[in-house]
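Trainee: take a look and give me a structure for this.
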Amino acid sequence: MAHFIDRRLNSKGKSTVNRQRFLRRYKQQIKRAVSDAVGQRSVTDLETGEQISIPARDIKEPVFHTGQGGQRTIVHPGNDQFTAGDKIERPPGGGGGQGQGEGDASDSGEGQDEFVFSISKDEYLDLLFDDLALPNLKKNQFDKVVQYETYRAGYQTDGVPSNLDIVRSLKGSVARRIALTGSDRKKLREKEAQLEALKADKHDNALAIMELEKEISALQQKIARVPFIDTFDLRFKNFDRRPVPTSKAVMFCLMDVSGSMDQATKDMAKRFYILLYLFLTRTYENVEVVYIRHHTQAKEVDEQEFFYSQETGGTIVSSALKLMDEIIKERYTGSDWNIYAAQASDGDNWADDSPQCKQILMKELLPATRYFAYIEITERQHQSLWREYQQVENSCDNFVCKHIQSVSDIFPVFRELFKKSEQEAAPGG
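Mentor: The predicted structure is shown next:
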């Protein structure tokens, strides 16, 4: 029988290293579960931890067991139904015995529950915004938006097992053993040379030979007591973070709060903007956010008023675009600024105002912005605003239109809007 002894200081599944390894191994399953959980949360509960469940079939681990070789004594229980040579009938339905697959409540067989575990707020947000980035971000300064990259920073004597540098540790072991046993090995070689000389001498030197053999044996035992590797020899890879060149960035959030936007539609718009806010604050430092609410008139507001004000009215979308243009010219001029915008509406607008929105975008806003995303939240047929915006999308690379019909569409659309390009996802990007 094989015996395994776990000598880790925090064994029995409590190791942080094991947890991080588990999250990496089942990252795709966990990300799917996190994506599904976004649509089931309330608007104000998007930044807490989460209970994640994974089907048991996806987390099967290899097990150690005794092989078939060697001699084994096994006692098998008897039976009162069969004798040697009897044929056993196939189970009903062609089954091969008890299964281990998951089954619902209507199944007659046995199954296994899904594996459920909790992830923290930080782990939840890391998985939620994995592989996302602001598109077309111009990286040229250190002054505002601060991103960090991890780099190798030498070695340290303490660390987690996954960062152990085996080659460096073995080099330290060799150096220590040479330092501790160098003089003894030199004496050992001298004694062995003397012993060979005495044995080659024709005179009787039995006593001297015995004395030398005792000294040689003592030296060999002393050298053998020096361990092959010790905790002093262990070297762990050290990692640190440093800022990478980035630039100043501002995100304009434009939300339609007109009377045609019912409470459910406003809630979906708020979900989108809360995701956007969490993404910006989680991924970047010091990104400025400008909130604009509009009905027939547009107004710059703070975060509290943007999400919770009850003000409403008619719809003139161009008012928000004009206000955004005024703010850019007043506060965000210059090539150092990366300007982004996200607009959410139900598409309801005055027919003669939609062409004006197109003109403002084409002539004023899009030449100054890196990326402009328009989200239309409606289950109705698209109206004039969507048609005008589609013409803009077809002619401008930095403008994107997306359609959201239900809460479940929000996160897939969000990931599609801010997914890293191949150049940004590359190690040197």
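Trainee: tally of neighbours for Gln310?
Mentor: 6 (other Cβ atoms under 10 Å). Every C-beta, even on glycine, is put in place using the N, C-alpha and C of the backbone.
Trainee: before we move on, what about Asp86?
Mentor: Asp86, neighbours per other Cβ under 10 Å, totals 7.
Trainee: which secondary structure state is assigned to it?
Mentor: When classified by DSSP: H, G, I helix; E, B strand; the rest coil, Asp86 comes out as coil.
Trainee: over to it: give its phi and psi.
Mentor: Main-chain dihedrals, Asp86, degrees, to the nearest 10: phi -70, psi 150.
Trainee: and Asn338, how close does it get to Ile328?
Mentor: Counting by Cβ to Cβ, to the nearest Å, the separation of Asn338 from Ile328 is 12 Å.
Trainee: buried sites along stretch 190-209?
Mentor: The neighbour-count check on stretch 190-209 (16 or more other Cβ atoms under 10 Å) flags Lys191, Leu195 as buried.
Trainee: give me the residues contacting it.
Mentor: With Cβ atoms under 8 Å, 6 or more residues apart in numbering as the test, stretch 190-209 has contacts from Leu212, Glu213, Glu215, Ile216, Leu219.
Trainee: so which of those residues comes closest to Pro92?
Mentor: Nearest to Pro92 out of those is Leu219 (Cβ to Cβ; 76.7 Å).
Trainee: mind checking the SS state of the closest one?
Mentor: Following three-state DSSP, the label given to Leu219 is helix.
Trainee: contacting residues for the nearest residue to it once chain neighbours are set aside?
Mentor: Spatial nearest neighbour of Leu219, chain neighbours left out: Leu188 (4.5 Å); criterion: Cβ to Cβ, 6 or more residues apart in numbering. Residues in contact with Leu188 (Cβ under 8 Å, 6+ apart) are Ile216, Leu219, Gln220, Ile223.
Trainee: please list only the buried members of the contacts of stretch 190-209.
Mentor: Among those, those classed as buried by 16+ other Cβ under 10 Å are Leu212, Ile216, Leu219.
Trainee: lowest-confidence one in those?
Mentor: The weakest per-residue confidence within those falls on Leu212 (86).
Trainee: tell me the SS of the nearest residue in space to Ser395 that is not next to it in sequence?
Mentor: Distance criterion Cβ to Cβ, 6+ apart; nearest residue to Ser395, sequence neighbours excluded, is Met362 at 7.6 Å. Secondary structure assignment for Met362 (three-state DSSP): helix.
Trainee: mind listing what Met362 touches?
Mentor: The neighbours of Met362, taking Cβ under 8 Å, 6+ apart as the test, are Val392, Ser395, Cys396.
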